[in-house]
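Trainee: Give me a 3D structure for the following:
(chains A, B and C)
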Amino acid sequence: MSNANLIILLSTLSTGLILGAIFALVAAGVTIVYGSIWMPNAANGQFFVLAALFGWTMTVGWGLSPWVAALLVIGLSVPLSYILEILLIRRFYDVPNRNISYFVLSLGITQILAGIYAITYGRWSDQFQLPPLVGGITLIGPFPIANNRLMVLAIALAILAALFILLRFHRYGRALRAVFQNREAATLRGVNVRAIYSLSFILGNAVIFAGGVLFALAYSFDLTVAWTMAITAFAIMIIGGPGSVLGAVVVGMVFGFTQAIVSIFASPTIAAFSYLGAMLLILLFKPSGVFAR
Amino acid sequence: MLEVANLTIRYGPFLAVDDLAMNVGAGEIVGIVGPNGAGKSSVVKAIGGLVAPKTGAITFDGQDLLAVPPYQRITRGLSIVPEGRGLFPRMSVEENLVIGADAIGDRARRDRNLDRCFELFPILKERRWQAVGTLSGGQQQMVAVSVGLMADPRLLILDEPSLGLAPIVIGEIGRALRRLREEGLTVALFEQNAKLTCSVADRIYILATGAVRYHDNAETLLQNPEILDHLM
Amino acid sequence: MSMVLRSVALALLAGTASLAAQAEEKPPVKIGFVTELTGPWSFFGTSCVAGLKLAEQQINTSGKRRIDFVITDNQTNPAQAVAASRSLDVQDKVLALSGPTSSDTGLAQYGYAEQNKVPFIAPVAAFPQLTKPGTRYTFRLEPNAAGWGYAIAKFVEQRKPGAKIALIYSDYALMRAITAGLKYQAPLSKLNIVADIVFPQGANDATVQAAQVLAAQPDYVFVSGAGGFDNTITNQLLDLGIKPEQIIHPFGITTQVINWGKRSVGSFYGTFFDSNLDALTTEGKTFVEQFTAQNGRPPSYVENFCYVTANVIREVIDKNPDVADDREKFRDAMSALKTKETTSGIPIEFDKNGARKEYIYFMQIQDVGEKSYKAKQTFYTEWDPEVIPVYTLVK
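Mentor: Below is the predicted model of the structure:
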């Protein structure tokens, strides 16, 4: 294999991994919230960008180290989500067919946040670039990759692993999955379903925030990323099976690689459409999603 | 141990349970039989806190159960296996069992109870890593009964355990219940299958259209099968 | 009535008339300035307004009829641009419209202006169709984008005859127009396009595409991403070992150059005004100084075009005061205008379609700091708006 082809191959792998891990985080966050409280959160892209903007303000504006900023941003998502949950989300827990109410509510949140960003951050929208976590470049064979992006990849994978361990082996994680699958049975087994609702809203958003700040550390971003990410995360959730975290992670990684591979053989434009094509195909043959029951 | 008095449950205009009274004493197996729609599942749901009764009182060990949040009732010693088994189909047998014990939060007791369930239903040990949704109906029911036992309950309430099962499996469930009684567990069995119920219960309530129509010892009832034929 | 009496009466009448004119000052001339104060293009719109504000202070000296710019947000949204134009036309009865800094909002406003016969001065909008044949009321200060593509080919041809060139850009009307011109001119300039990679709007990673560019072994890489993606593409090309000296950005405003950062020293970018130009006029130097003092960074072509827009309107009204209350006359005066940019001395004159005699500078980045940068002028060219068939190349 020629050096040039090897570079293309390795760049495809690295892109697939980094983008896939970030897609997986966001889609996992969206699916955790959907699986428990039935909220198809269309505002996930705005939350994602909010995290990125916080990260930018903290590093470029206040001069904090990107490490500290990343931790602060993820930490900040907890009180923010909790306040939102108390003020708005909680009020719908007893509404039948609340997923429609939630969808409309989240579209409203999307509009409001997009408006706020436009007014507050809009005039810097070509300048959102964070300092790297680590400097330098590593050569993998002939392929040079920024250490910063390797670090982002490592952190994203570590967060995904932690999420899995939590969901699989911790009491709260089991309770969360129990609520996904059968609320009444979970109550009978001693699970406080309302507390799990709050917990999953907070956990889901924390994971989306982690995705947002990691994305900002790996790439320059602008406010339009919110829409792309919202659509991508929804497509991943639908293909993976709403409520399936495993589905979100696997399909998220597949999407990352799809974007990388299709863009070599076709073009980046077709790669972006390939998601939606895949989503339609899956809906045609398995409407409940690949990883659904 | 469990006292139900004046229990009335309505779903909108539909009266599901009408001024029902019953009790379960410590160490008993009590059967509550009745045809489909008699209100059995509504009573179970009210005991579990999944529906709010219109009127009535439910006490457990002398405490007002309606004042206890539904999710805390398991830690009081009241374990319910609902109609439809109440399992988590995408989780393994072992995970379902472990969730059953999460309420007591004691790892040693959990492991002991796990062993006890595997002893009660050895097939579950073989299938412990299999997703519950892929098990046969009989095996799922074994998991359901086992999950009900994982939190060391004093009272186990089973709603329609025989539904849709082959006679041979029903027999196995019945054997397990008798064995549990010997170990001192109190059981309330809500069933359509009068034969299974009479073969394991001490006392029987017969329910129809939301109210108790007949109440007697299981033995008396077995000797007078025309009562059952008439009421069911 | 005797001749004497008649002349005295006339003189008296004339005297009262001129007295009345002095006492009752004419109302300010209103110009509707619809631009991107919010939305994805707001970094252009707000920069433009900063340049305009500076000019507004200077052109309204005492003794002259006041010119007021009614600044309105179009939210980077074509529909909003039309709604705002209508309101300014009908409610505020503005003399002319101006303001957009994006081709999408510019085209929307163009449609309104041509249909309703409102003179329209587009400061920063490069899509060719804004001055398509038959255009009557629109005048554009910025050269059209297909023409930039022509100029980029000329620039590369001059640096390295027969060069191999790779294109990597976002799918926006602007970039499509530039690359259409470049692809048309490349064979005429004996350049070889070895890669042509388009990203959809909202793309976020370019590592693989950067690797493809590297594999094509180009001499020069034409790079243009939208918004933040511009930095991502640029950085990923540099990460993979493309040299800064190989990179050509079709355009660069101050914040972009600062974002590209120190690692881009040696790269080229196109521009129509730069604080580092060799030939700034005295007024141009003052503009740069004052703008830098007020905004903490030097201005670039966006600010300059909006500054120049205000100056052009002032000049047209000063030369023919009666055009200030008549849209047709104002249009005719704009069409006949022959002047120079006060900041750089570049000629301004419009052809029959409102397109300007076009030009571009190519700068090479020398140093980049936190708030400023150094660049040197390496190429300048001028061309007729229709040197290549711009209106048929890009629809």
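Trainee: so where do the helices sit in chain B?
Mentor: Remark: helices assigned in chain B by DSSP state H are B:40-48, B:93-102, B:107-120, B:122-126, B:137-149, B:167-182, B:194-200, B:218-223, B:225-231.
Trainee: Below-threshold pLDDT in the chain: ranges please.
Mentor: No chain in the question, so chain A it is. A:1, A:292-293 (pLDDT under 70).
Trainee: my bad, the chain I had in mind was chain B
Mentor: Counting by pLDDT under 70, chain B has low-confidence residues at B:231-232.
Trainee: Show me the residue sitting in the middle of chain C in space.
Mentor: Centroid-nearest residue in chain C: residue C:124, 2.8 Å away (criterion: C-alpha atoms, centre = their mean).
Trainee: same question, chain B
Mentor: Short answer for chain B (C-alpha atoms, centre = their mean): residue B:158, at 1.3 Å.
Trainee: residues contacting the closest residue to chain C within chain B?
Mentor: Closest residue of chain B to chain C, C-beta to the nearest C-beta: residue B:90 (32.6 Å). C-beta coordinates here come from the backbone N, C-alpha and C atoms, glycine included. Contacts were defined as C-beta atoms under 8 Å, 6 or more residues apart in numbering or on different chains; by that measure residue B:90 touches A:177, A:181, A:293, B:131, B:132, B:133.
Trainee: rewinding a little: tabulate the helices of chain B (CSV), appending mean neighbour count.
Mentor: Shown next, in CSV, are the helices of chain B (neighbours: other C-beta atoms under 10 Å in any protein chain shown):
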stretch, mean neighbour count
helix B:40-48, 24
helix B:93-102, 24
helix B:107-120, 15
helix B:122-126, 15
helix B:137-149, 23
helix B:167-182, 16
helix B:194-200, 20
helix B:218-223, 15
helix B:225-231, 13
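Trainee: Run through the residues that contact the nearest residue to residue C:372 once chain neighbours are set aside.
Mentor: Distance criterion C-beta to C-beta, 6 or more residues apart in numbering or on different chains; nearest residue to residue C:372, sequence neighbours excluded, is residue C:298 at 6.0 Å. Applying C-beta under 8 Å, 6+ apart, we find residue C:298 in contact with C:254, C:275, C:288, C:291, C:292, C:372.
Trainee: quick one, helices of the stretch 101-250 of chain A?
Mentor: According to DSSP state H, counting those that start in this stretch, the stretch 101-250 of chain A carries its helices in the segments A:147-169, A:171-181, A:183-188, A:193-218, A:225-240, A:245-265.
Trainee: how about the ones you listed in JSON lines, adding distance to residue A:13?
Mentor: Below are the helices of the stretch 101-250 of chain A laid out as JSON lines (distance: least, C-beta to C-beta, whole Å):
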{"stretch": "helix A:147-169", "distance to residue A:13": "11"}
{"stretch": "helix A:171-181", "distance to residue A:13": "30"}
{"stretch": "helix A:183-188", "distance to residue A:13": "40"}
{"stretch": "helix A:193-218", "distance to residue A:13": "15"}
{"stretch": "helix A:225-240", "distance to residue A:13": "20"}
{"stretch": "helix A:245-265", "distance to residue A:13": "8"}
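Trainee: Of these, which is nearest chain B?
Mentor: helix A:183-188 (3.4 Å).
Trainee: Is the residue nearest to the centre of chain B bridged to anything, and to what?
Mentor: residue B:81, residue B:189 (DSSP bridges).
Trainee: picking up where we left off before, arrange the helices of chain B in JSON lines, one row each, with distance to residue A:125 as further columns.
Mentor: Formatted as JSON lines, those follow (distance: least, C-beta to C-beta, whole Å):
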{"stretch": "helix B:40-48", "distance to residue A:125": "54"}
{"stretch": "helix B:93-102", "distance to residue A:125": "47"}
{"stretch": "helix B:107-120", "distance to residue A:125": "53"}
{"stretch": "helix B:122-126", "distance to residue A:125": "59"}
{"stretch": "helix B:137-149", "distance to residue A:125": "54"}
{"stretch": "helix B:167-182", "distance to residue A:125": "65"}
{"stretch": "helix B:194-200", "distance to residue A:125": "70"}
{"stretch": "helix B:218-223", "distance to residue A:125": "77"}
{"stretch": "helix B:225-231", "distance to residue A:125": "76"}
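Trainee: how much space between residue B:122 and residue B:181?
Mentor: Look at residue B:122 and residue B:181: by C-beta to C-beta, to the nearest Å, they are 20 Å apart.
Trainee: Just give me the neighbour total for residue 113.
Mentor: I went with chain A, as the question did not name one. Under the neighbour criterion other C-beta atoms under 10 Å in any protein chain shown, residue A:113 is assigned a count of 17.
Trainee: hm, I was asking about chain C
Mentor: Other residues close to residue C:113 by other C-beta under 10 Å number 25.
Trainee: So residue C:165, which state does it fall into?
Mentor: In three-state terms, and counting by DSSP: H, G, I helix; E, B strand; the rest coil, residue C:165 is strand.
Trainee: Please apply the same query to the one 3 residues further on.
Mentor: Here residue C:168 is recorded as strand under three-state DSSP.
Trainee: Please list all residues in contact with residue 210.
Mentor: Looking at chain A here, since you left the chain open. By C-beta under 8 Å, 6+ apart, residue A:210 lies in contact with A:25, A:51, A:74, A:156, A:159.
Trainee: Chain C, not that one
Mentor: Residue C:210 touches A:11, C:168, C:233, C:236, C:237, C:239, C:240, C:242, counting by C-beta under 8 Å, 6+ apart.
Trainee: Mind putting these into a markdown table with neighbour count?
Mentor: As requested, those are exported to a markdown table (neighbours: other C-beta under 10 Å):
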| residue | neighbour count |
| --- | --- |
| A:11 | 29 |
| C:168 | 27 |
| C:233 | 28 |
| C:236 | 26 |
| C:237 | 26 |
| C:239 | 20 |
| C:240 | 22 |
| C:242 | 22 |
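Trainee: returning to what we had before: select, from the contacts of residue C:298, the two members most distant in space.
Mentor: Longest distance between any two of the contacts of residue C:298 is 11.9 Å, between C:291 and C:372; criterion C-beta to C-beta.
Trainee: Looking at the two, which one has more neighbours?
Mentor: Just comparing residue C:291 and residue C:372: by other C-beta under 10 Å the higher neighbour count belongs to residue C:291, 24 against 16.
Trainee: Against chain A, how distant is the residue nearest to the more buried one when sequence neighbours are not counted?
Mentor: For residue C:291, ignoring the flanking residues on the chain, the nearest one in space by C-beta to C-beta, 6+ apart is residue C:299 at 4.3 Å. For residue C:299, the distance to chain A (C-beta to the nearest C-beta, to the nearest Å) stands at 15 Å.
Trainee: Need the three-state assignment for residue A:39.
Mentor: Three-state call for residue A:39 (three-state DSSP): coil.
Trainee: Dihedrals phi and psi, it?
Mentor: Note on residue A:39: its backbone torsions stand at phi -100, psi 110 [degrees, to the nearest 10].
Trainee: What parts of chain C come near chain B?
Mentor: Chain C has no residues near chain B, with proximity defined as C-beta under 8 Å from any C-beta of the partner chain.
Trainee: Out of the helices and strands in chain C, which is least certain?
Mentor: Within chain C, no helix or strand scores below helix C:3-23, which has a mean of 50 by mean pLDDT, DSSP states H and E.
Trainee: Residue C:293 should be in a helix, yeah?
Mentor: Yes: according to three-state DSSP, residue C:293 belongs to a helix.
Trainee: Tell me how many other residues surround it.
Mentor: Using other C-beta under 10 Å, the number of residues around residue C:293 comes to 8.
Trainee: ok, now which ones touch it?
Mentor: Applying C-beta under 8 Å, 6+ apart, no residues contact residue C:293.
Trainee: Please tell me how far it sits from residue C:371.
Mentor: Here residue C:293 is placed at a distance of 12 Å from residue C:371 (C-beta to C-beta).
Trainee: How much space separates residue B:93 from residue C:374?
Mentor: Distance from residue B:93 to residue C:374, by C-beta to C-beta: 71 Å.
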